[in-house]
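**Student:** Quick one: sequence plus predicted model below, questions after.
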Amino acid sequence: MSFTLGNITLPRPQGFERRQVETSKTHRTVSGKTTKDITNRKEQYILSYEHLTQSEITDILGEWDLETTRTFQVSETNLSIGPTEVHIEIGTRKYLTPGGDYREDIVLVLTEVE
């Protein structure tokens, strides 16, 4: 039961969303008929984390720093995704517990390649 990204096992996210990304063009004819040409559909996976340690953040940034696609896979009891190749985007990094520990909140956006 795990979330994996490239060579690391991710902690269980506090929030997990799936979004459909579609590349398409809509056409409307003079008679009012609408058609849609769909050229591509893929998924985005949005993982929200709270209070990650600097070690966990370093692991995630190590995969992101490779600047290449990485394999994403979810193997949970009631959810199975992938393996699928994804691009990694990192949202705002928040430090909510300043001090010696510096825990971070981070959002990862993983977009399927194909």
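**Tutor:** Nice, I can see it. Numbering: from 1, shown residues only.

**Student:** going forward, measure contacts between C-alpha atoms and count neighbours the same way
**Tutor:** Fine.

**Student:** show me where this structure has strands.
**Tutor:** With strands called from DSSP state E, the chain shows them at 2-5, 8-10, 15-28, 34-52, 70-75, 80-90, 94-97, 103-112.

**Student:** okay, the first one in PDB with CA atoms only?
**Tutor:** Read that as strand 2-5. Written as PDB, here are the backbone C-alpha positions of strand 2-5 (Å, rounded to 0.1, in the frame of the first residue of the first chain):
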ATOM      1  CA  SER A   2       1.900   3.000  -1.300                       C
ATOM      2  CA  PHE A   3       2.300   6.000  -3.500                       C
ATOM      3  CA  THR A   4       5.600   5.900  -5.500                       C
ATOM      4  CA  LEU A   5       7.200   8.500  -7.700                       C
END
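
**Student:** elements contacting that strand?
**Tutor:** With contacts taken as 3 or more C-alpha pairs under 8 Å, 6 or more residues apart in numbering; DSSP states H and E, strand 2-5 sits against strand 8-10, strand 70-75.

**Student:** For the shortest one, which strands pair with it and how are they oriented?
**Tutor:** Strand 8-10 sits in its sheet next to strand 2-5 (antiparallel), going by DSSP bridges.
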